[in-house]
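Colleague: Give me a model of this one.
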Amino acid sequence: MRKMPPDYMMLLLRDLEVTILNVSEEFSKLADADVEWCCEKLIKYFKILSKGKETEEPESPSEMKQALMDELLNRLEEREAAKADSHVINNPDIRLGEMMYHNYPTLYVTAFKIIQSSARFWRKEHGRKGYLKFIDHHVV
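Modeller: Below is the predicted model of the structure:
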């Protein structure tokens, strides 16, 4: 049995997974490994931002992967503008181990690690689109 993400992550994860599904409808060749690849790029990007450093947004020569990363970044911008996750930032009651989330990038690193792990798990269990099929049935 896979461990469920913490409650405070559920709405953020849902929004990101709906975005992934929307992009997969536009790009039928999108597979779990592509989602994992994009998550890895976004994890690296947000780790740098979480340290207060500047960096370029991640890029891919693949139109499909670039579209996925762009849409995920757009969705995060919308959530920030709506202050959807502001209750998590600097909240002593919400921690990742011993660490509080001091900024949005730190929260996003955790979210993309969860998605990446889930995509890897479902791909190994049910093939190249196992994760996409799983979220199609369990999200929305």
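
Colleague: What pLDDT is listed against the most centrally placed residue in the chain?
Modeller: Residue closest to the mean C-alpha point of the chain, counted by CA atoms, centre = their mean, is residue 112 at 3.5 Å. We have a pLDDT of 98 for residue 112.

Colleague: Where does it fall, secondary structure wise?
Modeller: Assigning secondary structure by DSSP states H and E places residue 112 in helix 104-126.

Colleague: So which residue of the protein lies furthest out from the middle?
Modeller: Distance to centre of the chain, CA atoms, centre = their mean, peaks at residue 92 (23.1 Å).

Colleague: Beyond the lowest-mean-pLDDT helix or strand in the chain, next helix or strand please.
Modeller: Counting by mean pLDDT, DSSP states H and E, the chain has its least confident helix or strand at strand 95-96, which shows a mean of 88. Remark: after strand 95-96, the chain's next helix or strand is strand 99-100, criterion DSSP H and E.

Colleague: mind listing what the residue nearest to the centre of the chain touches?
Modeller: Taking CB atoms under 8 Å, 6 or more residues apart in numbering, we find residue 112 in contact with 16, 39, 42, 43, 46. Just so you know, the C-beta spots here come from the backbone N, C-alpha and C atoms, and that holds for glycine as well.

Colleague: Alright, I will stop here.
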